[in-house]
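Undergrad: give me a model of this one.
(chains A and B)
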2 protein chains.
Amino acid sequence: MAETPGIPKGTRDFSPEILEKRNYIFDIIKSVFKKYGYKQLETPALENLSTLTGKYGDEGDKLLFKIINSGDFLKNVTDSQLIQRNIPVNLISEKGLRYDLTVPFARYVVQHQNDITFPFKRFQIQPVWRADRPQKGRYREFYQCDADIIGSRSLINEFEIVQMIDEVFSELNLSVTIKINNRKLLAGIAERMGYPEKLTDITVAIDKLDKIGYENVFAELKQSGIDEQSLKLLEPILNLNGRFEDQLQCLEKFIGETESGLIGIVEIEKLFSYLKRAQFKNKIELDLTLARGLNYYTGAIFEVVSDEFKIGSICGGGRYDDLTGIFGLKNVSGVGISFGADRIFDVLDNLNRFPEHSFSNVKLMFVNFGEQEELYCLPVLKLLRENNINSEIYPENDKMKKQMKYADSNKIPFVALAGENEMKEQKFTLKNMKNGEQNLVTVKELLLIMSELK
Amino acid sequence: MAETPGIPKGTRDFSPEILEKRNYIFDIIKSVFKKYGYKQLETPALENLSTLTGKYGDEGDKLLFKIINSGDFLKNVTDSQLIQRNIPVNLISEKGLRYDLTVPFARYVVQHQNDITFPFKRFQIQPVWRADRPQKGRYREFYQCDADIIGSRSLINEFEIVQMIDEVFSELNLSVTIKINNRKLLAGIAERMGYPEKLTDITVAIDKLDKIGYENVFAELKQSGIDEQSLKLLEPILNLNGRFEDQLQCLEKFIGETESGLIGIVEIEKLFSYLKRAQFKNKIELDLTLARGLNYYTGAIFEVVSDEFKIGSICGGGRYDDLTGIFGLKNVSGVGISFGADRIFDVLDNLNRFPEHSFSNVKLMFVNFGEQEELYCLPVLKLLRENNINSEIYPENDKMKKQMKYADSNKIPFVALAGENEMKEQKFTLKNMKNGEQNLVTVKELLLIMSELK
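TA: Below you'll find the predicted structure:
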């Protein structure tokens, strides 16, 4: 027991100071979600393994955290399986930890389909667990912040998602670029190139453009069997920049006659017609190189990057046409967005953009000089709290230095002192911890100053 | 895949409606904790099994949810262990799920003792997991809401905890009785009876008084080896009622000469002297039959019951002198409280005390009559949201009935309609969903009405 206890690799304690910053992010995201009519949902951390397995690919299955069955966990295992050291993990485990928020959401929608009024707008901010190799910035337990609307094909939903993204980041005082693309445009490109069946290869390769550059993307595509001539067709498309109208014209020429391409163009045109009528604080651009790894997107795709700090995507999402199909409910279209809380935290931290004081902080601490002084302070403390002013009294008559250290390390901006003189005059000495300024104030003045403190 | 997917027994989905109610409880508890200077902490769901095992007794160890090691989970198991079906679970598992918030808090304090300024006031609201047999009102995944101050022996902390309890329940609009006792008084009683070593037996038996009555308590104590004469001494003590001063006088006579008893009397007298100077909305009483199961309490103990709905204890806590000792940090005294969120939920639900509307709810929905009308509504919707009014537009031009059903089942109090006439006049028809009243209003009026809506 002499060893200092620790926590599992890839997990974190959130100290009050860190948590306050994290909640600052969550609170802004939550309030925007609510403002747009999204409702909060929570699903259990524990899901049946039958719900989770097969949903994230073979690699994902390996990364699921699995719970050992209670009681005699070997009871379903045969002797020969034991001797051969070949125990299928589902024989000793029926439950696993949530791996993302999307599959539990799909499970929830299918399970409760008769109680839900569609369209269903839900948001969810909960931790997920992945048995990944822990490394810098990658955790085994981390929060996801998702919002999805399911059961509506209207492009107004895509428009509002872009508005929410813009609003969240402007409230966070961050400047970002919101990149938009549409899977159907990518499908049109693949079709026009003559390789509609290679859509996945093409999107996966294009997705890496930022990281590995044109030459390597082309090399990869060549390797997957695409001929040189078709690759040449791709080049101008990936280079498309400038005004949306010019991009659109060029796209129409290139893929306007393919089936997917045409629908993609109509969709992106409609979305941008909404966007043009609204005002945004951040840049919005059509980026045909945006592909996003996840294969289930079928329409719009979104990705957000910081203009001020390089860290990769800090928010992403898109439309999917068959999320609930895996649980037997077909033809339910949805569109969603996920904010990367850990990366947003890092951006704010690196740019020093967290607000200095949060509202949860204690504004005033009464110094404790002993029994008589305590009794003098307590009714005033009560009065402050009745006025919703977070405040406290140092609980012991410790040395002044220790009490001040407490106020300091808890970032309490003011302390109130009452000794013999103050008590005689029915006043308090109010000390500003930042500049050291001291003033003798009445209870009424104290209350007023504290109420006006931001 | 045709089967409807479900969730593990003993776990729950929190639908938006339930979650809103649960968050109503959490938000009140949180705001009171913060008002008294408690700071939020979060620890990971995953803890090392070495942190968890041995802390909750043999029974508790069995109820820990354990995670199977990733990769070849049998690698530490010998052939003979396999063949004998005798695999110690810690050979295939190193991590488990948090069983309560107290042990992780103790672990946190010891691990970070050099970074923490004591006294340390933390609160924590997080789920815990127990592989208990699921039954009505008992879950395998549920939230705990704890606040503790550690590193201070001052009784002002006990006083403030009673204040916090009183404030939480009056804000929840519930009438409760706050029962207080002190373990040292119980120790004094055991000493006076001549059985100081039987303190645990005595407290465990007394704790059941409410449920099984005097006779059975006495029978149980007799069985544990306490003689009739000593039991007779106990009777008047357990019957103590009435004014605190009278109770105290009687206690002084009975246990004032025992060592623990004397300290207990001083402590309880001091605590009640604080309490008498403050005002409380709820009843507070000294209850010598209050023992609480947990053995680690060493001073004050608290328990709260509803005056209006019978459901057992809805909040409890006490002082402990050696919480962090299990991790090697001695002599750190603390006192804490835990609110039973599930039971408080049931009390509010049964008494119908949840407020009808929460602030997160959408206040207005624009009905969608098609493309032109959409474009007419969108700027007004934007304006409302800019004024922090949660609002939405129905995303599709569905049948009116379907749109109204959406507004209804999402408890949206107002809908705005704009057809040809409204658009011509630059107005909206505002419909009150509760009474069906309709009014033609300007945008300015709409904004005003929505802003004033509670």
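Undergrad: next up, the contacts around the residue in the stretch 301-450 of chain A that chain B sits nearest to.
TA: Shortest the stretch 301-450 of chain A-to-chain B distance, computed as C-beta to the nearest C-beta: residue-wise this is residue A:392, at 3.3 Å. In this view, the C-beta of every residue, glycine as well, is placed from N, C-alpha and C. Contact analysis of residue A:392 by C-beta atoms under 8 Å, 6 or more residues apart in numbering or on different chains lists A:362, A:364-366, A:381, B:36-37, B:121.
Undergrad: do residue A:104 as well
TA: When contacts are taken as C-beta under 8 Å, 6+ apart, residue A:104 is in contact with A:43, A:47, A:51, A:98.
Undergrad: same thing but at 10 Å, please
TA: The neighbourhood of residue A:104, defined by C-beta atoms under 10 Å, 6 or more residues apart in numbering or on different chains, consists of A:41-45, A:47, A:51-52, A:98, A:124, A:126, A:128, B:5, B:7, B:13.
Undergrad: which residue in these has the weakest pLDDT?
TA: Ranked by pLDDT, these bottom out at residue B:5 (93).
Undergrad: wait, that one touches residue A:55, no?
TA: No - judged on C-beta atoms under 10 Å, residue B:5 makes no contact with residue A:55 at a distance of 11.0 Å.
Undergrad: what do those two both touch?
TA: A:103, A:106-107, A:326-327.
Undergrad: and those residues, which of them are in helices?
TA: Using DSSP state H, the subset of the shared contacts of residue B:5 and residue A:55 located in helices is A:103, A:106-107.
Undergrad: just the element for residue A:154, please.
TA: Using DSSP states H and E, residue A:154 sits in no helix or strand.
Undergrad: would you map the strands across the stretch 51-200 of chain A?
TA: Here the stretch 51-200 of chain A has its strands, by DSSP state E, counting those that start in this stretch, at A:66-67, A:95-97, A:120-129, A:141-150, A:176-182.
Undergrad: mind listing residues that contact the shortest one?
TA: Residues from elsewhere that reach strand A:66-67 (C-beta under 10 Å, 6+ apart): A:46, A:49, A:52-53, A:73, A:89-90, A:92-97, A:131, B:8, B:65-70, B:73, B:93, B:96-97, B:129, B:131.
Undergrad: who's in contact with the closest residue to residue A:122 other than its chain neighbours?
TA: Distances taken as C-beta to C-beta, 6 or more residues apart in numbering or on different chains place residue A:41 nearest to residue A:122, at 4.4 Å, with adjacent residues excluded. Contact partners of residue A:41, counting by C-beta under 10 Å, 6+ apart, are A:101, A:104-105, A:108-109, A:120-126, A:146, A:148, B:13-16, B:18-19.
Undergrad: change it to 8 Å
TA: For residue A:41, counting by C-beta under 8 Å, 6+ apart, the contacting residues are A:105, A:108, A:122-124, B:13-16, B:19.
Undergrad: which intervals of the stretch 151-300 of chain A have sub-threshold pLDDT?
TA: Along the stretch 151-300 of chain A, the parts satisfying pLDDT under 70 run over A:293-294.
Undergrad: nope, the stretch 1-150 of chain A is what I was after
TA: A:1-2.
Undergrad: pull out the buried residues from the ones in helices among the shared contacts of residue B:5 and residue A:55.
TA: A:103, A:106-107 (16 or more other C-beta atoms under 10 Å in any protein chain shown).
Undergrad: what's the burial count for residue A:17?
TA: Neighbourhood size, residue A:17 [other C-beta atoms under 10 Å in any protein chain shown]: 14.
Undergrad: revised request: answer the last question for residue A:375.
TA: 13.
Undergrad: so residue A:250 sits against residue A:238, correct?
TA: No - taking contacts as C-beta atoms under 8 Å, residue A:250 lies outside contact range of residue A:238: 11.6 Å.
Undergrad: more neighbours: which of residue B:5 and residue A:55?
TA: For residue B:5 versus residue A:55, neighbours defined as other C-beta under 10 Å are more numerous around residue B:5 (22 against 17).
Undergrad: just say helix, strand or coil for the more buried one.
TA: coil (DSSP: H, G, I helix; E, B strand; the rest coil).
Undergrad: so it makes contact with residue A:327?
TA: Yes - Residue B:5 is within contact range of residue A:327, at 5.0 Å (criterion: C-beta under 8 Å).
Undergrad: residues contacting residue A:233?
TA: Residue A:233 sits in contact with A:192-193, A:254, where contact means C-beta under 8 Å, 6+ apart.
Undergrad: ok, back up a step: just name the most buried of the strands of the stretch 51-200 of chain A.
TA: strand A:95-97 (a mean of 26; mean count of other C-beta atoms under 10 Å in any protein chain shown).
Undergrad: partner strands of it, parallel or antiparallel?
TA: If you go by DSSP bridges, strand A:95-97 pairs up with strand A:46-48 (antiparallel), strand A:66-67 (antiparallel).
Undergrad: make sure residue A:419 is actually in contact with residue A:373.
TA: Yes - using C-beta under 8 Å, residue A:419 makes contact with residue A:373 at a distance of 6.8 Å.
Undergrad: who has more neighbours, these two?
TA: Between residue A:419 and residue A:373, counting by other C-beta under 10 Å, residue A:373 is the more crowded of the two (20 against 15).
Undergrad: tell me which element that one falls in.
TA: Under the assignment here (DSSP H and E), residue A:373 is part of helix A:371-386.
Undergrad: identify each buried residue in that helix, please.
TA: A:373-374, A:376-378, A:380-381, A:384-385.
Undergrad: who are the packing partners of the helix or strand hosting residue A:222?
TA: For residue A:222, the host element (DSSP H and E) is helix A:209-223. For helix A:209-223, the packing partners by 3 or more C-beta pairs under 8 Å, 6 or more residues apart in numbering or on different chains; DSSP states H and E come out as helix A:199-207, helix A:228-238.
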